[in-house]
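Visitor: Need a 3D model of the sequence below.
(4 chains)
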Number of protein chains: 4
Amino acid sequence: MNPIFLTDPVPAPEWSVSEWLNTAEPLRLAALRGKVVVLHAFQMLCPGCVLHGVPQTSRLHQFFDPEDVAVVGIHTVFENHAVMTPDALRVFMHEFRVKFPVGIDRAGHDRIPESMRRYQMRGTPSLLLIDRIGQLRAHKMGQVEDLAVAAAIQQLVDESAENDRS
Amino acid sequence: MNPIFLTDPVPAPEWSVSEWLNTAEPLRLAALRGKVVVLHAFQMLCPGCVLHGVPQTSRLHQFFDPEDVAVVGIHTVFENHAVMTPDALRVFMHEFRVKFPVGIDRAGHDRIPESMRRYQMRGTPSLLLIDRIGQLRAHKMGQVEDLAVAAAIQQLVDESAENDRS
Amino acid sequence: MNPIFLTDPVPAPEWSVSEWLNTAEPLRLAALRGKVVVLHAFQMLCPGCVLHGVPQTSRLHQFFDPEDVAVVGIHTVFENHAVMTPDALRVFMHEFRVKFPVGIDRAGHDRIPESMRRYQMRGTPSLLLIDRIGQLRAHKMGQVEDLAVAAAIQQLVDESAENDRS
Amino acid sequence: MNPIFLTDPVPAPEWSVSEWLNTAEPLRLAALRGKVVVLHAFQMLCPGCVLHGVPQTSRLHQFFDPEDVAVVGIHTVFENHAVMTPDALRVFMHEFRVKFPVGIDRAGHDRIPESMRRYQMRGTPSLLLIDRIGQLRAHKMGQVEDLAVAAAIQQLVDESAENDRS
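Guide: Residues are numbered from 1 along each chain as shown, chains lettered A, B, ... in the order given. Got it, this is the predicted structure:
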């Protein structure tokens, strides 16, 4: 089994986003059922995101067929909220030529934003893979090599939506 | 479709090898039916092989489950035969810590060795993917990125041996 | 002659800085007379700065003896002023572990800040070298390889302060 | 002091070479007096040489002015002599586009070749710097970063041949 896969998949919770960039329409996880979803959680001033995670996500976005794979970023600010604002993110995405859609994680009642809390993310960058039937199949913080990520995504693509892996 | 796949798969010819390294038993393509075969053709003094192809093949060998994927090198010497001898290859493989099995392509009646001729390879490094039913599905010379290679291999793994893709 | 050197050195103008980070005391170019000064102009959301210029400047700061070489950053914001604020810069420097002193270029009467205007910089990243007697000896925009930068700095270090190169 | 410099310089011994490549005339260290000499000892099947040392030496050869700096390779074969022959080296240098002059270290009475023994080298790659008056000033085995090497060479260039550093 691909080492980035979770032993026990769980239903992926819906994300909660206050604003979308790089997409005409808001994206809902529920509406992506039938596709594999690559969810990349990042912060614009996190070195591991800027140097590794965001460029890798751009490569995945460019490589996989959007009919099969939806690549989605989520800006999960859990520190330094005052400077990683939506306006700052817009500049970051323009300057770093980020082309995939990015949702701004909705502020929570503490410093942890809503989607980050729902997914119990521990930090950034985090890479999450959700299969065609909405199960969370991978959840890795930090750097993951292209080879493992690409093989994992392709495997989820190759599972038919009808399959029950339980 | 993965851009490294051939539009028109053809039956992969059996290779022709005069000596095997890193394997107790000679490998025959026919005997690997049922597995995906990654065939990496290289020369030990080809910079693109040493700097890119061989290390990538080592990563593939380490990553994929040998039950599903057989990673095989083939030393296709088509120039400077006098110095890229079996003894020199043994030293190269030891020093560069190459762990995957490598067959020495059998000398042909001209400078092109037998397997290279059968596969109509144009040079080194060449990456070839053969599916579970023995069809040649990819054949690329030069540098191919990990992302595309890993996705292609995984897709072939996910095809059941019974499938007819025609 | 090192290819990054200017054919015609000119006196380096004093910089104009509204706030200093990573230094207890404000730095004045005039007070650094006798040392070689490496001046790295950057913006915190400029990819060439984040990926290349700032890490290189950190390496220079770590390598050269501070008795001989003063490595100084200057945050020359000429676009997107609203999001590249002093507070945002502080977060950037903390997260990216920037240890060299950085001055915030003083706002000008148009979008170009004061020091940037005085030095006629064309963008970021820009690398400037000032010799022991206060002459601007190199001024390069974009990526410069370590080898050329290190040789240039060492050459300026080796010029005695008394020398007249005219 | 540059960390790659030796605390105690010693006179550099003359090398002993059985054959030269990439140079019309044999090179003698004694005849290079007045120049800085960069001596790079390598073996053509040593990964640290192929991946790091030889490319770095090529960059040094391309960067520094040959009036000031003589960049010289020496093929110090101390293992696997049967396959790292002069003919094999010629192919290696052609394929990897090595343009600097390389001397083949003369076979010794044991497996250690003559120059390697005279310089008491411990392995490959080894980088040695010899100053304008023939003193061995640096001797490092393994990987050394461009920044440190370039600064060290430039510093030796800047010492006038007349200087006595004792």
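Visitor: quick one, phi/psi of the residue nearest to A:His75 when sequence neighbours are not counted?
Guide: Distance criterion CB to CB, 6 or more residues apart in numbering or on different chains; nearest residue to A:His75, sequence neighbours excluded, is A:Ile104 at 5.0 Å. In this view, the C-beta of every residue, glycine as well, is placed from N, C-alpha and C. Backbone torsions of A:Ile104, given as degrees, to the nearest 10, read phi -90, psi 120.
Visitor: For chain A, which segments count as strands?
Guide: With DSSP state E as the criterion, chain A has strands at A:5-11, A:17-21, A:36-42, A:69-75, A:102-105, A:126-130, A:135-141.
Visitor: quick one, what contacts the spatially closest residue to A:Thr85 that is not a sequence neighbour?
Guide: In this structure, A:Thr85 finds its nearest non-sequential neighbour in C:Val83, 6.9 Å apart by CB to CB, 6+ apart. By CB atoms under 8 Å, 6 or more residues apart in numbering or on different chains, the contact list for C:Val83 reads A:83, A:85, A:87-88, A:91, C:45.
Visitor: do the same with A:Leu29
Guide: A:12-15, A:37, A:130, A:134.
Visitor: Out of those, who's the most crowded?
Guide: Within the contacts of A:Leu29, A:Ile130 tops the neighbour count with 26 neighbours, counted by other CB atoms under 10 Å in any protein chain shown.
Visitor: Could you report the distance from it to A:Val38?
Guide: From A:Ile130 across to A:Val38, the span is 8 Å (CB to CB, to the nearest Å).
Visitor: and if you look at A:Val77?
Guide: Distance from A:Val77 to A:Val38, by CB to CB: 20 Å.
Visitor: Kindly report the same for A:Arg28.
Guide: A:Arg28 is 16 Å from A:Val38, by CB to CB.
Visitor: out of these two, which sits in the busier spot?
Guide: Neighbours were tallied for A:Arg28 and for A:Val38 using other CB under 10 Å; the higher tally belongs to A:Val38 (25 against 11).
Visitor: Identify the farthest-apart pair in the contacts of C:Val83.
Guide: A:Thr85 and C:Leu45 (12.4 Å; CB to CB).
Visitor: And those two? Which one has more around it.
Guide: Higher neighbour count among A:Thr85 and C:Leu45: C:Leu45, with 25 against 16, using other CB under 10 Å.
Visitor: Identify the residue nearest the residue nearest to the spatial centre of chain A in space, chain neighbours excluded?
Guide: Centroid check for chain A by CA atoms, centre = their mean gives A:Leu39 as the closest residue, at 1.5 Å. The shortest distance from A:Leu39 to any non-neighbouring residue, by CB to CB, 6+ apart, is to A:Leu128 (4.2 Å).
Visitor: Same question for A:Ser115.
Guide: In space, and not counting its chain neighbours, A:Ser115 is closest to A:Trp15: 4.2 Å by CB to CB, 6+ apart.
Visitor: for A:Met121, same thing?
Guide: According to CB to CB, 6+ apart, the nearest residue to A:Met121 is A:Ala41 (5.7 Å).
Visitor: So what's the residue count around the one you found?
Guide: Counted with other CB under 10 Å, A:Ala41 comes out at 29.
Visitor: tell me the pLDDT at it?
Guide: Looking at A:Ala41, its pLDDT reads 98.
Visitor: wait, A:Ala88 sits on C:Ala88?
Guide: Yes - applying CB atoms under 8 Å as the test, A:Ala88 and C:Ala88 come out as touching, 6.6 Å apart.
Visitor: Can you name the residues of chain A that neighbour chain B?
Guide: Within reach of chain B by CB under 8 Å from any CB of the partner chain, chain A has these residues: A:59-60, A:63-64, A:145-151, A:153-155, A:157-158.
Visitor: at 7 Å instead, please
Guide: A:59, A:63, A:146-148, A:150-151, A:154-155, A:158 (CB under 7 Å from any CB of the partner chain).
Visitor: Report the two of those residues separated the most.
Guide: Farthest apart among these - using CB to CB - are A:Arg59 and A:Asp158, which lie 19.7 Å from each other.
Visitor: Against A:Leu6, how distant is A:Glu159?
Guide: Where A:Leu6 is concerned, A:Glu159 sits at a distance of 15 Å (CB to CB).
Visitor: same question, A:Ser160
Guide: 20 Å.
Visitor: Over to A:Gly108?
Guide: 24 Å.
Visitor: Can you identify each of the helices in chain A by residue range?
Guide: A:47-48, A:54-63, A:86-95, A:114-118, A:146-158 (DSSP state H).
Visitor: Need phi/psi at the closest residue to A:Gln62 other than its chain neighbours.
Guide: Leaving aside its sequence neighbours, A:Gln62 sits nearest to A:Lys99 (CB to CB, 6+ apart; 7.9 Å). The phi and psi values for A:Lys99, taken as degrees, to the nearest 10, are phi -110, psi -20.
Visitor: Double-check A:Lys99 against A:Asn22; I have them as touching.
Guide: Yes - counting by CB atoms under 7 Å, A:Asn22 is a contact partner of A:Lys99 at 6.5 Å.
Visitor: got the buried residues for stretch A:102-112?
Guide: A:102-105, A:112 (16 or more other CB atoms under 10 Å in any protein chain shown).
Visitor: gap between it and the chain center?
Guide: 14 Å (CA atoms, centre = their mean, to the nearest Å).
Visitor: Stretch A:93-104 now?
Guide: 12 Å.
Visitor: Please work out the average pLDDT along that stretch.
Guide: The pLDDT scores in stretch A:93-104 average 98.
Visitor: So which bits of chain A are right by chain C?
Guide: Selection of chain A residues close to chain C by CB under 7 Å from any CB yields A:45-47, A:50, A:80, A:82-83, A:85, A:87-88, A:91-92, A:95-96.
Visitor: Could you point out which residue ranges in chain A have low pLDDT?
Guide: A:161-166 (pLDDT under 70).
Visitor: returning to what we had before: any idea which of the contacts of A:Leu29 is closest to chain C?
Guide: Nearest to chain C out of the contacts of A:Leu29 is A:Trp15 (CB to the nearest CB; 24.2 Å).
Visitor: The closest one reaches A:Ile104, doesn't it?
Guide: No - the criterion here is CB under 7 Å, and A:Trp15 misses it with A:Ile104 at 10.5 Å.
Visitor: any idea how far A:His40 is from D:Met116?
Guide: Counting by CB to CB, the gap from A:His40 to D:Met116 is 51 Å.
Visitor: What of A:Thr57?
Guide: 49 Å.
Visitor: ok, A:Thr76 - how many residues close by?
Guide: Counted with other CB under 10 Å, A:Thr76 comes out at 28.
Visitor: Ramachandran coordinates for it?
Guide: phi -100, psi 80.
Visitor: Repeat that for A:Leu45.
Guide: In terms of degrees, to the nearest 10, the main-chain angles of A:Leu45 are phi -110, psi 30.
Visitor: Out of the strands of chain A, flag the one nearest C:Ala138.
Guide: Across the strands of chain A, closest to C:Ala138 is strand A:36-42 (CB to CB), at 35.8 Å.
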